[in-house]
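Enquirer: pasting the sequence and the predicted model now:
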Amino acid sequence: MKQSKLFGQTLREAPKDAEAISHIYLARGGFVRQLSSGLFSFLPLGFRVLKNIEKVIREELYKIGAQEMVMPVIHPAEIWKKTGRYHEIGEELWRLKAQGGQELVLSMTHEEAMAEIAYRYIQKYNDLPLLLNQFQIKLRNEARPRGGLLRLREFIMQDAYSFDRSEAEFDKTYKKVFKAYQSIFKRLNLKAIPVKADSGIMGGNESHEFMMPAEIGEDKLNGKNAIELGHTFKLGLKYSKPFNIYFTAKNGKKELAIMGSYGIGLDRLMAAAVEAHHDDKGIIWPEAIAPFQVHLIELSAKDVTVKKQAENIYKKMIAEGIEVLYDDRNDKTAGEKFTDADLIGIPLRMVISPKTLEKNSVEIKQRNKETAKLIKISDVGKII
RNA sequence: CGGGGUGUCGUAUACCGGUAGUACGCAUGCUUUGGGAGCAUGUAGACUGGGUUCAAUUCCCAGCACCCCGACCA
């Protein structure tokens, strides 16, 4: 991607409403744009991060056999009445009506919608165990959205649902997802401490929250603030019963499937990554989710050779499938390019200028390191 | 939902009961290019409604929006 064409703009000043460091940097870097309270648009840079987060989660869940699908965000109120949650949940559940009067709700989570599917398709012993996953919008009529992306009215959630034949089988599944979640947070270089939690309105037997210590967090962990990155639920028969999710066991008898659900908020995870990885100049993205792998910067002035070399390197990297943001802007000074690069936070910065070209080299610097070093242009391919 | 606060160019802000200013951005030109460049010329703004007043962006009231604290929270 050529930066001269990149949609979005870095800002010297954060919008005055932004208080959370993640909100400030994501807004200043041109990753997101607030539409309204708790509602954000993702600009190209932010969207790339979001998609990378999705990719990491997808890979880890795929490893444990999750199948991906997707369900609607508008549900008939009927299925929420079936479990009683239509009346248990207050204003946070958005309710609306279709033409003709059908009562609908906006999905704040998908247990009901999933149970409705499971009821139809789970029939025999061999249909289980089953683990289904989706990335889908969640809508919650929050009394108070806050902290930029930390608490939203609309957000993208990875939510997986498991169905098992016995408690023992479910325990295995639960542990597998639990481990997958730990792998996900590890790949994002986030410290996520699992703690037993109240399952709240989700019901069921037990749940675990994955908590990341952070000053801005709104949850408590050993008396300190923390951000909830994910939540896993042992739902037991809470949804299986009202939705009659029966399978025929080996002995020919009908038995209820045991259900679990597992969720990670992608937007919040993105904000948490910034909260955990930044300095006073900007974001330091974990490699796994950085919007680009390499930030190539040319400081050519009027030196056409530098420009040409930069273009060459850019094209080579593209050809090799390296995700590179190429700062080809002619009207920006070195200082401004560096400042933008620090703010945007791509893990590896590569500078080519008359100075480096004299030595047939480019300068590389990791965003999280202080020192830069020169490498030969011919060796650029090996570094990445 | 209770409490508090704030609404001025795209962004951050200043001042003010009587002509709304600055910086950044953006545009054009010239100069410039290793840590947010210089000069010049442009561009663009008072949340909405009502009240007080000769006159309201400014004071008062209401609404709306946003932020913060709390309650709630998958």
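Expert: On my side now, so go ahead.
Enquirer: how about the contacts made by the closest residue to A:Leu149 other than its chain neighbours?
Expert: Sequence neighbours aside, A:Ala271 is the residue nearest to A:Leu149 in space, at 3.8 Å (criterion: CB to CB, 6 or more residues apart in numbering). The C-beta positions use only the backbone N, C-alpha and C, and glycine is treated the same way. Taking CB atoms under 8 Å, 6 or more residues apart in numbering as the criterion, A:Ala271 is in contact with A:Ala20, A:Ser22, A:His23, A:Leu26, A:Gly147, A:Gly148, A:Leu149, A:Leu150, A:Ile227.
Enquirer: switch to 10 Å and redo it
Expert: A:20-23, A:25-26, A:32, A:40, A:147-152, A:214, A:216, A:227, A:265 (CB atoms under 10 Å, 6 or more residues apart in numbering).
Enquirer: you'd agree A:Asp159 is up against A:Val73?
Expert: No - contact criterion CB atoms under 10 Å: A:Asp159 and A:Val73 do not qualify, at 11.9 Å.
Enquirer: intersection of neighbour lists for those two?
Expert: Counting by CB under 10 Å, 6+ apart, the residues touching both A:Asp159 and A:Val73 are A:Ser107, A:His110, A:Gln136, A:Lys138.
Enquirer: quick one: which of those is nearest to RNA strand B?
Expert: A:Lys138 (5.3 Å; CB to the nearest atom of the strand).
Enquirer: need the helices for the stretch 51-200 of chain A, in chain order.
Expert: Per DSSP state H, counting those that start in this stretch, the stretch 51-200 of chain A carries helices over the ranges A:77-82, A:85-88, A:111-121, A:167-187.
Enquirer: pLDDT (mean, whole number) over the longest strand that chain A contains?
Expert: Criterion DSSP state E: the longest strand present in chain A is strand A:224-236. The average pLDDT within strand A:224-236 is 94.
Enquirer: quick check, the residue in the stretch 151-300 of chain A closest to RNA strand B?
Expert: For the stretch 151-300 of chain A, CB to the nearest atom of the strand, closest residue to RNA strand B: A:Gly200, 2.2 Å.
Enquirer: next one: the stretch 251-384 of chain A
Expert: A:Gly335 (2.5 Å).
Enquirer: tell me who's in contact with the closest residue to A:Glu78 other than its chain neighbours.
Expert: Of all residues not flanking A:Glu78 in the chain, A:Glu103 sits nearest, at 7.5 Å (CB to CB, 6+ apart). Going by CB under 10 Å, 6+ apart, A:Glu103 touches A:His75, A:Pro76, A:Ala77, A:Glu78, A:Trp80, A:Lys81, A:Tyr86, A:Arg95, A:Leu96, A:Lys97.
Enquirer: cutoff 7 Å now
Expert: For A:Glu103, the contact set (CB atoms under 7 Å, 6 or more residues apart in numbering) comprises A:Ala77, A:Arg95, A:Lys97.
Enquirer: the first one reaches A:Tyr86, doesn't it?
Expert: Which is A:Ala77. Yes - with contact defined as CB atoms under 7 Å, A:Ala77 reaches A:Tyr86; the gap is 5.6 Å.
Enquirer: and the most centrally placed residue in chain A, its phi and psi?
Expert: With distances taken as CA atoms, centre = their mean, A:Leu266 lies nearest the centre of chain A, 2.8 Å away. With angles defined as degrees, to the nearest 10, A:Leu266 sits at phi -70, psi -40.
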